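**Student:** Sharing a model that was predicted from the sequence below.
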Amino acid sequence: MIFYTRIEFLGDAALLLRFGDGIDAAVNRRVHACAAALRAQAPNWLIDLTPAYACLGLHIHAARIGGEDTLGSARAWLAQWLERTPFDARVADSRTVEVPVVYGGDHGPDLAAVATHAGMTIDDAIARHTAAHYTVAMLGFAPGFPYLLGLDAALAMPRIDTPRARVAAGSVGIGGAQTGIYPQAGPGGWRLVGRTPLRLFDAGRDPPSLLQAGDRVRFVAIDAATFDAMDEHAQ
Amino acid sequence: MKIEILAPGMLTSVQDGARHCSRAFGVRVGGAADAFSWRIANLLVRNPSDAAVLEITLGGPMLRLHRAATVALCGAMIDAEADGIALPGWRPIALPAGCTLTLGACRRGARAYLAFDGGIDVPVVLGSRGTDLRGGFGGHEGRSLRAGDILPLGAPIASIAATTAPRIASWWIDAGSDLDFADAIVVRVLPGSDAMQPSDALHAQDYAIDAASDRQGLRLRGTALQLVDRRERMSEPVVPGTVQLPPDGQPIVLLADAQTVGGYPRIGHVITADMPLLAQRRAGQSLHFIPVDHREAARANAAQQARLARIAVAILDRQRRSLL
């Protein structure tokens, strides 16, 4: 069976399956293992899934279930399914994606502030950011935006007080204890330490997102000339 | 087989049902904010129920038809004319090729839906023709319409008799009991996962709709609400209808362009059947929440689906008897 803590209702067309409460890599792996197993065996009324840090949203086509107690029926099915489905963490064992990043300068205007806040040199801050093993806990906020677990605690720093009106696509940021990458240009409040030339989200690509929930990620430092040569954002 | 946008209106975009397959990538569901009106507009022009239409916000566009078309306007009550003839809503209208369609202000309600027979034939992106305005994809070039845009129309399902002037059907659908455009309305809400202090605080007052509202959410103004547990939350799934409470205590009700996950406490969820009412709210109007349980919500949603099915039968019956 797959262990979980609770099944909640999320409005009248979704369930929220909870595996824990905190930001925890082991709990997050259970979310992705369960999502993968559910995708393989989904009934026709289960139309979409939203994996998050410690819970999984299950979106339901109510008319395909029918009856007086639509969500109650869906919850009963889910509880039984969790009971009889063997937990297989290997389905969440995934690939490692290397993400090239040019650190500092115009591409990472907050790198110096992050290094100062951490009490280290800029080179040490880059070394710490590239040394860590990250996991994509979930995609959200914007299409293709990865919330990464695994940031070196020394690099954690609160968001900026007033979000920038425009953050360049591909910007790598630190927001509290998390690090992430902005797929599209737009407003943003995270501390920007660098920028990747890779395009994180392209609706015409299959899958549209470069990173998938559960992926492992390594950042690789590149120089500005390499960034320009690889730049997928310029169009 | 095209329409040409001469003036875009305030915010006009191509919308259809919803993008139900890509939330795991952070892609919002989107689609017509008032799905009830969208569906009837398609039925009136004999389209498949998931065809793409124009969603018009507050002020309408001016456009030219490059082929004869049957059109229908549903949702908000909007000023409309073609070649100088006023066009009423909620019924099919045959328009000649070359005709100019001018849509004015929404008099009541916030969003009108303009369907063309054959549908707006933009490419399907991630399972939908709808525009993701924030993501910048889908619809027409991933954005709201601008003057000069040319939109392709699909092949019409039924051939219409050549007409040189607008022909307006003598029958219509009365949606007066379905869409309440009154200044103050009541919407039904299910409990959220975050408790209030006092517990019925959400239902105890009227809320004004703030002007900063958009397709992502209605921002409400009232006496600030207090949570029992004020610790920060981590981001968790949210859905259209979710009522969030940011730190300022003023609720936000998420609409069709709800983000997939959010970190604000969830203090309620508006039932699916009442989402069209929310989509038609305008700044300065008000709403009041009344609590319902899940069985009542399921009953209300099933009743709305049954009502749509009855309307579909009535429209088919009319269409069998006349060309329009």
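**Tutor:** Yep, that arrived. Numbering: from 1, shown residues only, chains lettered A, B, ... in the order given.
**Student:** Which secondary structure state is assigned to the spatially most central residue of chain A?
**Tutor:** Nearest to the mean C-alpha position of chain A, by C-alpha atoms, centre = their mean, lies residue A:138 at 2.8 Å. Of the three states, residue A:138 takes strand under DSSP: H, G, I helix; E, B strand; the rest coil.
**Student:** Go ahead and confirm it touches residue B:261.
**Tutor:** Yes. The pair residue A:138 / residue B:261 is scored as a contact, 6.6 Å apart, by C-beta atoms under 8 Å. In this view, the C-beta of every residue, glycine as well, is placed from N, C-alpha and C.
**Student:** Next, show the common contact partners of the two.
**Tutor:** A:52, B:235 (C-beta atoms under 8 Å, 6 or more residues apart in numbering or on different chains).
**Student:** separation between residue B:191 and residue B:203?
**Tutor:** 11 Å (C-beta to C-beta, to the nearest Å).
**Student:** Need the residues touching each of those two.
**Tutor:** Common neighbours of residue B:191 and residue B:203 (C-beta under 8 Å, 6+ apart) are residue B:291.
**Student:** Who has more neighbours out of the two?
**Tutor:** residue B:191 (18 against 14; other C-beta atoms under 10 Å in any protein chain shown).
**Student:** do you know how far the more buried one is from chain A?
**Tutor:** 8 Å (C-beta to the nearest C-beta, to the nearest Å).
**Student:** Which of the three states applies to the residue nearest to residue B:237 when sequence neighbours are not counted?
**Tutor:** Using C-beta to C-beta, 6 or more residues apart in numbering or on different chains and skipping residues adjacent in sequence, the residue nearest residue B:237 is residue A:57, 3.2 Å away. Secondary structure, three-state DSSP: residue A:57 is strand.
**Student:** got the contact list for residue A:57?
**Tutor:** A:10, A:14, A:15, A:16, A:17, A:49, A:50, A:51, B:23, B:236, B:237, B:239.
**Student:** And the pLDDT at residue B:160?
**Tutor:** Per-residue pLDDT puts residue B:160 at 64.
**Student:** you'd agree residue B:8 is up against residue B:145?
**Tutor:** Yes. Counting by C-beta under 8 Å, residue B:8 touches residue B:145, with 4.5 Å between them.
**Student:** what sits in contact with each of these two?
**Tutor:** residue B:61.
**Student:** ok, the two, which is more surrounded?
**Tutor:** Neighbour totals were compared for residue B:8 and residue B:145, and residue B:145 leads with 24 against 20 (other C-beta under 10 Å).
**Student:** ok, now how distant is the more buried one from chain A?
**Tutor:** 19 Å.
**Student:** got a list of what that residue touches?
**Tutor:** Contact analysis of residue B:145 by C-beta under 8 Å, 6+ apart lists B:5, B:8, B:9, B:12, B:13, B:14, B:54, B:61, B:151.
**Student:** quick revisit: could you measure the residue nearest to the centre of chain A against residue B:219, distance?
**Tutor:** 26 Å.
**Student:** State whether residue A:116 is indeed within a strand.
**Tutor:** No. Assigned with three-state DSSP, residue A:116 falls outside any strand and is helix.
**Student:** Tell me which residues touch residue B:30, please.
**Tutor:** With C-beta under 8 Å, 6+ apart, residue B:30 has these contacts: B:15, B:18, B:19, B:128, B:130, B:131, B:132, B:138, B:215, B:256, B:257.
**Student:** tell me, which of the residues you listed make contact with chain A?
**Tutor:** B:132, B:138 (C-beta under 8 Å from any C-beta of the partner chain).
**Student:** Report the two of the contacts of residue B:30 separated the most.
**Tutor:** B:128 and B:215 (14.3 Å; C-beta to C-beta).
**Student:** Now do the longest helix along chain B: which elements does it pack against?
**Tutor:** Longest helix in chain B by number of residues (criterion: DSSP state H): helix B:294-321. If contacts are counted by 3 or more C-beta pairs under 8 Å, 6 or more residues apart in numbering or on different chains; DSSP states H and E, helix B:294-321 sits against helix A:62-65, helix A:70-84, helix B:35-44, strand B:184-191.
**Student:** Give me the mean pLDDT for it.
**Tutor:** 94.
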